[in-house]
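# Only the shape, not the letters, is given here:
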């Protein structure tokens, strides 16, 4: 065998080995989700094991020493290092959100207090990075609550009154229109934001990736 033939054989063997590793390191999971109309859908998520170092990063992001979590960063890790298909990015999801109908991007919610009084507010859907942060913001890794932090964040360009004024923290004080409604508004707002974020299966696919990574399949 000539020297060139040996090099060609070695190159072919290496390529075959790499292809075999790539094939073995590919798991397909069926992921179910519902769109905004409540219709059931199913998508196949192809996942790979990126290795223990990235698993350690994921664990650190879920619970850090200062009792905070970084799900925005964790989802980025899943999209970059675990998810083979569908190919997802925050940029793609934000572009799809911009193309969505106005009644998806801006939604009126009705909250009811314990005396069955109603209040109407408008939710303006933010970017996916902020969506993910808001969804996981109310509870810390230790299970301690972070309601005031969430309410303050919602006041920053997410919640508006029917006259398009931002809802600030004073809105919930005694004698103000929002007193008695705050928890109802928070719950309904988060529910809607979750539904929007998962209308194409984004959250469900991310959760499948996290489960796959942390349980190694």
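Thanks, I have it. It should be emphasised that the depicted structure is a prediction, and the values quoted were computed from it without experimental measurement.
# Poorly predicted segments of the protein, please.
Applying pLDDT under 70 to the chain flags residues 1-23, 217.
# excluding its backbone neighbours, what's nearest residue 90?
Nearest residue to residue 90 in three dimensions, chain neighbours excluded: residue 128, at 5.0 Å (CB to CB, 6 or more residues apart in numbering). Backbone N, C-alpha and C define where each C-beta goes, glycine included.
# Near the one you found, how many other residues are there?
22 (other CB atoms under 10 Å).
# how close does the residue nearest to residue 63 when sequence neighbours are not counted sit to residue 216?
Of all residues not flanking residue 63 in the chain, residue 141 sits nearest, at 3.8 Å (CB to CB, 6+ apart). Going from residue 141 to residue 216 by CB to CB, to the nearest Å gives 21 Å.
# Now name the helix or strand holding the residue nearest the centre of the chain.
Closest to where the C-alpha atoms of the chain average out (CA atoms, centre = their mean) is residue 132, at 4.2 Å. Per DSSP states H and E: residue 132 is located in helix 128-135.
# Quick check: which helices or strands does that helix pack against?
Helix 128-135 sits against helix 71-77, helix 90-99, helix 147-154, helix 182-197, with contacts defined as 3 or more CB pairs under 8 Å, 6 or more residues apart in numbering; DSSP states H and E.
# Let me have those helices in CSV, adding mean neighbour count as columns.
What follows is those, written out as CSV (neighbours: other CB atoms under 10 Å):
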stretch, mean neighbour count
helix 71-77, 19
helix 90-99, 14
helix 147-154, 16
helix 182-197, 18
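# Please tabulate the ones you listed in CSV, including the columns distance to residue 30.
Below are the helices and strands packed on helix 128-135 laid out as CSV (distance: least, CB to CB, whole Å):
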stretch, distance to residue 30
helix 71-77, 20
helix 90-99, 21
helix 147-154, 33
helix 182-197, 20
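# Nearest to residue 174, out of the ones you listed?
Taking CB to CB as the criterion, helix 182-197 is the member of the helices and strands packed on helix 128-135 that comes nearest to residue 174, at 11.6 Å.
# Just checking the distance from the next helix or strand after that closest one to the centre of its chain.
Downstream of helix 182-197, the next assigned helix or strand under DSSP H and E is helix 202-215. Helix 202-215 sits 10 Å away from the centroid of its parent chain (CA atoms, centre = their mean, to the nearest Å).
# quick revisit: now the residue nearest to residue 63, what's its secondary structure?
Here residue 141 is coil, with the state taken from DSSP: H, G, I helix; E, B strand; the rest coil.
# Surely residue 74 touches residue 62?
Yes - taking CB atoms under 8 Å as the definition, residue 74 is a contact partner of residue 62 at 6.6 Å.
# picking that back up, from what I can see the residue nearest to the centre of the chain touches residue 75, true?
Yes - assessed by CB under 8 Å, residue 132 is found in contact with residue 75 at 5.8 Å.
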